[in-house]
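A.B. asks: Sequence and predicted structure are below.
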Amino acid sequence: MGRFHPDVEPNHLDIDIDEYEDAYVVGDVHGCPEPLDRLLSKLRVTDDDLVVFVGDLVRKGPDSAAVVERVREADNMFTVRGNNEEKLLRGDKSLDALSEADLEWMASLPVAIEIGDNLIVHGGVDPREPLDAHTIDDLQTTRSLVPGGSYDSPYWYEEYEGPPRVFFGHTVLDDPVLTEGAVGLDTGCVYGGSLTAYDLRNESVTAVPALRGGVERSDAKIVDVAELG
């Protein structure tokens, strides 16, 4: 049997970090091109560096089309397909600013990216199940281990120890999650928080503030990382 579920196997990508100078994983951008440009500038990203996104490039922010264009046109930028890209592909949500070519590009995106011992997905993995049991939906939406829960502890990353080390978004955090087994990078840029990147070589975090009020979001749906077990 393959490393991934049969549905995921043709939708995953392996990247060789040795082909790049520096390498970064970036949290959920959600249609916010201005902080993305500031973050890439702060990191001094060049065409020789690797940038991988945890998905949800689109929706909720002011200019999803600009973010998609930025990533699509860069040979050194890759992203997994998040649940918000999936909503557009299913027709559950729509964005008039996106073209058919944009949607075709989204449909071609992997749902899992491997970089050495690191696995990038959008939602997460269930530590109670082997990796090859996880469907596309599992990798895009896993969050709480409570049946029927969403923002209820324990979250999967509180129990998961790896390997591989899993990088994820989807769950909005007040600060990045940094454990031996998991790195959470959705620090709520579109909600007025920050946009965060993890440096794979130096194992360090860099963030820029959103500098805008952001979309309203209940405090109950923003995880206080300091309170995690």
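C.D. replies: Alright, I've got the coordinates. Numbering: from 1, shown residues only.

A.B. asks: Could you tell me how far the residue positioned nearest the centre of the chain is located from Val29?
C.D. replies: Nearest residue to the geometric centre of the chain (Cα atoms, centre = their mean): Val54, 1.8 Å. In this view, Val54 and Val29 are 9 Å apart by Cβ to Cβ, to the nearest Å. C-beta here means a position set from N, CA and C on the backbone, and glycine is covered the same way.

A.B. asks: Let me see the contact set for the residue nearest to the centre of the chain.
C.D. replies: 25-28, 79-80, 82, 120-122, 167-170, 185-186 (Cβ atoms under 8 Å, 6 or more residues apart in numbering).

A.B. asks: burial measure for the residue nearest to it when sequence neighbours are not counted, as a count.
C.D. replies: Sequence neighbours aside, Gly169 is the residue nearest to Val54 in space, at 3.6 Å (criterion: Cβ to Cβ, 6 or more residues apart in numbering). Residues lying near Gly169 (other Cβ atoms under 10 Å) number 31.

A.B. asks: helix or strand right after the lengthiest helix in the chain?
C.D. replies: Ranked by number of residues, the top helix in the chain under DSSP state H is helix 33-43. Beyond helix 33-43 on the C-terminal side, the first helix or strand identified by DSSP states H and E is strand 50-53.

A.B. asks: That following strand - contacts with which helices or strands?
C.D. replies: Strand 50-53 sits against strand 23-26, strand 77-79, strand 112-115, with contacts defined as 3 or more Cβ pairs under 8 Å, 6 or more residues apart in numbering; DSSP states H and E.

A.B. asks: and the nearest residue to Gly214 once chain neighbours are set aside, how many neighbours?
C.D. replies: Closest residue to Gly214 apart from its sequence neighbours, by Cβ to Cβ, 6+ apart: Gly192 at 3.0 Å. Using other Cβ under 10 Å, Gly192 is surrounded by 15 other residues.

A.B. asks: Please apply the same query to Trp156.
C.D. replies: Trp156: 21 neighbours (other Cβ under 10 Å).

A.B. asks: Could you report the pLDDT at it?
C.D. replies: pLDDT, Trp156: 96.

A.B. asks: now what about the longest helix of the chain, what contacts it?
C.D. replies: 22, 24, 26, 29, 49, 51, 63, 66-67, 70, 189, 194-195, 197, 199, 206-212.

A.B. asks: can you do 7 Å?
C.D. replies: 24, 26, 29, 63, 66-67, 70, 189, 195, 197, 206, 208, 210-211 (Cβ atoms under 7 Å, 6 or more residues apart in numbering).

A.B. asks: and if you look at stretch 143-161?
C.D. replies: 123-127, 142, 166, 170-171, 177, 179-182, 184, 220-221, 223, 228-229.

A.B. asks: Quick one: mark the members of these that sit in strands.
C.D. replies: Those of the contacts of stretch 143-161 mapping onto strands are Val166, Val177, Ala182, Gly184, per DSSP state E.
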